[in-house]
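[1] Next one to model:
(one chain, ligands or ions: 1)
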Amino acid sequence: MENIRYDEKNKQLYIIDQSLLPNEEKEVLLNTAEEMYDAIKALKVRGAPAIGICAAYCLYVLSLNIKTENSDDFYSELKKRADYLNSSRPTAVNLSWALNRMVSAANKNSSETVEYIRKILYEEAKAIHSEDIEMCLRISEFGLTLVKDGDGILTHCNAGPLATSRYGTALGPILLGTERGMKFHVFADETRPLLQGARLTSYELYKAGVDVTLICDNMANTVMRNGWVQAVFVGCDRVAANGDTANKIGTCGVAVLAKHYGIPFYILGPTSTIDLNCKTGADIEIEERDPEEIKKKFYAKPMALDGVKCFNPAFDVTDNELITGIVTQKGICRPPYTESLAALFRE
Ligand code: MRU
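    Here you go, the predicted structure:
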C-alpha cells in the first residue's frame, strides 16, 4: 500500500491512516477540506515531506470543486483553501512549501482557462511527489557513506517511507543498505507521547527485515553508554539558516547525549525542509498539542489525575553545534552551516 495514493480514474485521494498503525493497515479517502485538515492535524498523514505531498494533492482535489470558469475568481478561491490547509500544523515547513508551489503554479498561469490551471496543478502535485522519491534515494545514498556494515544506529520518531514517499530520510540509508545486503542494528526510540518510533519506525524496519530494537526514550543513554550506537540518524521538520533544526520532541536530548558519548549525530532531510527565512531556531514556530495526549492517548485509563497540568510541545530545536552533518539530496553539509546551507541554494 502507498502512504499517499491519488486514484486518477476516480479523481480520489487516499492515505494510509498512520494513526491506526501498526494494528490496522487502512486506507482512508480524503474528500472535503475539513477531512484533509483533520488528517494532517490528527497525524493520519504525518512526517514533513509526506505532509507536503499530501497537501499538494489535497489542494488539487479541492480545486476540482471550485465552481467558476473565471481564472481570477478561481485563483482567489484556491488561495483560501491553501491558507486553510496551511493552518493545520505550523512547524514542518514542507506544508507551506508545497502549498506555495501549487499556488504559484496557478498564479503563473492566471491568464489561462480554469481547466488548464487545474491540469497544471495536477502536474505540480505529481512533480512534488516524484521529486520526493528521487530526493529520498539520493539522501539514502549520501547517508550510507556515513555508516558501515554492522553499525548500531539510533533513530528518534519516524522518518521512513511513511513520512515521505519511498525509503524515507533518516531510515533511507538503513533500508537501502539492507537491500544491498548490509546489516545494521537499529535502536528506535519509542518517541513519547505519540509513539511514532514504536508504532511506525519499528513497524517499517521490522517488515523490511532490519534488526530493530525498540527502546523507551529514556533508554538512549544506556544503549549509547554500552557502546552499541555508532551513529544517530534523525529527520527534520524545519532547518534554520544557521543549521538549528526542529524535529520531533526529544531529538535535542538525543543530540546532547550523542555529543557526550562522541557519537556522530546526523540530520537527514530534503532541501525543501531548509528555511533560510528562519535565521536561527528561535524563529521556528513550535506546535503545541492537546495536553490530554500525554495523559490519555494510548492508555486504557488516564495516567494522571484530572486537573494535573501537562505541557505538550510537538517539536524541539537542536542547536547547530550538536549536529555533525546535515544530509540533503544535494550532498552532506558540514559546519559552519550558515555557509554550507546557503551554498545549496546558490548551485
Ligand atoms: O509529528 P510528526 O510525526 O509529523 O513529526 C515527524 C518528525 O518529527 C519527523 O522526524 C520529520 O517530519 C521528518 S520525516 C522525514
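[2] Would you check that Leu154 makes contact with Val254?
    Yes. With contact defined as CB atoms under 8 Å, Leu154 counts as touching Val254 (6.9 Å). For every residue, glycine as well, the C-beta is placed using N, CA and C.
[3] Spit out the residues that contact those two alike.
    Residues touching both Leu154 and Val254 by CB atoms under 8 Å, 6 or more residues apart in numbering: 189, 220, 232.
[4] Report the buried members of the residues you listed.
    Burial by neighbour count, 16 or more other CB atoms under 10 Å: within the shared contacts of Leu154 and Val254 this picks out 189, 220, 232.
[5] So which of those sit within helices?
    With helices identified by DSSP state H, the entries of those that belong to them are Ala220.
[6] out of the buried ones among the shared contacts of Leu154 and Val254, who's nearest the ligand?
    Asp189 (10.9 Å; CB to the nearest ligand atom).
[7] Do a quick rundown of the helices in the stretch 201-347 of the chain.
    Remark: helices assigned in the stretch 201-347 of the chain by DSSP state H, counting those that start in this stretch are 202-207, 220-225, 251-261, 292-296, 337-346.
[8] so which of those helices gets nearest the ligand?
    Across these, closest to the ligand is helix 251-261 (CB to the nearest ligand atom), at 7.4 Å.
[9] Which residue comes closest to Gln112 once chain neighbours are left out?
    For residue 112 the amino acid is Glu, not Gln. Ser71 (6.7 Å; CB to CB, 6 or more residues apart in numbering).
[10] my guess is that neighbour meets Thr113, correct?
    Yes. Between Ser71 and Thr113 there is a contact under CB under 8 Å: 6.9 Å.
[11] Could you check which of these two has the larger neighbour count?
    Neighbours were counted for Ser71 and for Thr113 using other CB atoms under 10 Å; Ser71 has more, 18 against 13.
[12] List the contacts of that one.
    Contacts of Ser71 (CB under 8 Å, 6+ apart): 110-114, 117.
[13] Name the residue of this protein with the shortest distance to the ligand.
    Gly235 (2.7 Å).
[14] Can you read off the pLDDT for that residue?
    Note for Gly235: predicted pLDDT of 98.
[15] what's the answer for Glu347, then?
    Looking at Glu347, its pLDDT is 67.
[16] ok, now Asn320?
    Predicted confidence (pLDDT) for Asn320: 98.
[17] Give me the nearest residue to it, chain neighbours excluded.
    Closest residue to Asn320 apart from its sequence neighbours, by CB to CB, 6+ apart: Gly243 at 3.3 Å.
[18] So what's the residue count around the one you found?
    For Gly243, the count of nearby residues is 27 (other CB under 10 Å).
[19] now stretch 209-221, how far from the centre of its chain.
    Relative to its chain's centre, stretch 209-221 lies at 20 Å (CA atoms, centre = their mean, to the nearest Å).
[20] any low-confidence regions in the stretch 101-250 of the chain?
    When residues are selected by pLDDT under 70, none of them lie in the stretch 101-250 of the chain.
[21] Do you have the strands of it handy? List them.
    Under the criterion DSSP state E, counting those that start in this stretch, the stretch 101-250 of the chain contains strands at 152-155, 185-189, 211-215, 231-234, 238-240, 245-248.
[22] Show me how far the shortest one is from its chain's centre.
    In terms of CA atoms, centre = their mean, the centre of strand 238-240 is found 12 Å from the chain centre.
[23] which strands and helices sit next to it?
    Contacts defined by 3 or more CB pairs under 8 Å, 6 or more residues apart in numbering; DSSP states H and E place strand 238-240 against strand 245-248, strand 274-275.
[24] Of the ones you listed, give the one that comes closest to Asn100.
    strand 274-275 (11.7 Å; CB to CB).
[25] Paired strands for that closest one, with orientation please.
    Strand 274-275 has the following sheet partners, assigned by DSSP bridges: strand 238-240 (parallel).
[26] ok, residues contacting the strand it pairs with?
    Outside strand 238-240, the residues touching it (CB under 8 Å, 6+ apart) are 48, 91-93, 245-246, 267, 269, 273-275, 278-281, 283-284, 317, 326, 341.
[27] So which of those residues reach the ligand?
    By CB under 6 Å from any ligand atom, the members of the contacts of strand 238-240 lying near the ligand are 48, 92.
[28] From the contacts of strand 238-240, keep the buried residues only.
    48, 91-93, 245-246, 267, 269, 273-275, 278, 281, 284, 317, 326, 341.
[29] Which residues of the stretch 101-250 of the chain lie near the ligand?
    Near the ligand, when you scan the stretch 101-250 of the chain using CB under 6 Å from any ligand atom, you find 157, 159, 163-164, 168-169, 196, 235-237, 247-248.
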